[in-house]
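Got a sequence here, can you build the structure:
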Amino acid sequence: MRTRPATPCAWLAVRKDGSGLVLSDESGEDRAWLVVDKDGPGLVLRDESGKPRAMLSVSKDGPMLSLLDENGKVIRSLP
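Sure thing, here's the model as predicted:
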C-alpha cells in the first residue's frame, strides 16, 4: 500500500490570466512548471538546485526550446 507524501507533490492553479501545474520532488522543491496563459503553453524544468535547465514554449511565432547551464546561460536554443 502506498502512503501519501509528507509534502505536496503537485499544485494546480487556475487564474483569469492563465493556468499552471507545478510538480515537486520528494523534498518539496519545485522541479517542473507547466503553464498556459495568453502567450501560449510553456514548460520549465529545474535541476536539484532549483535552477531552470530547460524551457519549452509555444507562441504565435512558433515553438522555442532553450537549454541552460548551471549558471543560467543559454547553451542551446531552437530556433
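
Is it correct that residue 60 is in contact with residue 40?
Yes: look at residue 60 against residue 40 with C-beta atoms under 8 Å: they come within range, at 7.1 Å. All C-beta spots, glycine's among them, are computed from the backbone N, C-alpha and C.

between those two, who's got more neighbours?
residue 40 (16 against 6; other C-beta atoms under 10 Å).

Tell me how far the more buried one lies from residue 31.
Distance, residue 40 to residue 31, by C-beta to C-beta, to the nearest Å: 22 Å.

How about residue 24?
For residue 24, the distance to residue 31 - C-beta to C-beta - is 6 Å.

Now do the same contact list for residue 25.
31, 48 (C-beta atoms under 8 Å, 6 or more residues apart in numbering).

Can you give me the distance of it to residue 79?
Look at residue 25 and residue 79: by C-beta to C-beta, they are 31 Å apart.

In this protein, where is pLDDT below threshold?
Applying pLDDT under 70 to the chain picks out residues 1-6.

Please enumerate the strands of it.
Counting by DSSP state E, residue ranges of the strands within the chain are 10-15, 18-24, 30-37, 40-46, 52-59, 62-68, 74-78.

starting at the chain centroid, how far to the first one?
The reference is to strand 10-15. Mean C-alpha position of strand 10-15 versus that of the full chain (C-alpha atoms, centre = their mean, to the nearest Å) differs by 13 Å.

Just want the angle from it to strand 30-37.
If you take axes from the mean of the first three to the mean of the last three C-alpha atoms, to 10 degrees, strand 10-15 sits at 20 degrees to strand 30-37.
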